[in-house]
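Chemist: this one's sequence-less:
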């Protein structure tokens, strides 16, 4: 499911980049800059899934820590990009998604890692944490896909 969300985001990004026209401020370059930042999380998602699936909780914590640092950097990059010709819709959608990732990386993943590491049987808590994580991925995918489509429709020649 997570890979499908990321694939969806990437597909929309490619379509947006290939169909946007040029202008005073280049929509293709702007879109590309934002999508490049988003793509940075894909490696962390893959690495986290691999660590958790192999029950390597030391590695999972290392991935989580690196991902948290990367998210802080990514949020700053998107903030520094600013809006596009006064339109911050796309930027805000990406920032919302990145902040959603940050929340699960700083709150939910540490609890999940600890729960599994200690082999604590707490199905309700684990289910809640996994739901939070999956919802963050879904919100990022849906929010960015919607904003990207709107961006494309507004700034296509």
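Modeler: Structure's in. What do you need? Predicted model, so just to flag it, every value in this text is computed and none were measured.
Chemist: what sits against residue 34?
Modeler: Residue 34 makes contact with 78, 81, 90-91, 94, according to C-beta atoms under 8 Å, 6 or more residues apart in numbering. All C-beta spots, glycine's among them, are computed from the backbone N, C-alpha and C.
Chemist: mind listing what residue 110 touches?
Modeler: By C-beta under 8 Å, 6+ apart, residue 110 lies in contact with 61, 64.
Chemist: Quick one, grab the pLDDT at the residue of the chain positioned farthest from its centre.
Modeler: Here the centre of the chain is the reference, and by C-alpha atoms, centre = their mean the most remote residue is residue 121, at 29.3 Å. pLDDT recorded at residue 121 is 85.
Chemist: looking at this, it is in a helix?
Modeler: No - looking at residue 121 with DSSP: H, G, I helix; E, B strand; the rest coil, it is coil, so not inside a helix.
Chemist: Give me the neighbour count for residue 58.
Modeler: 10 (other C-beta atoms under 10 Å).
Chemist: can you check residue 133 too?
Modeler: 21.
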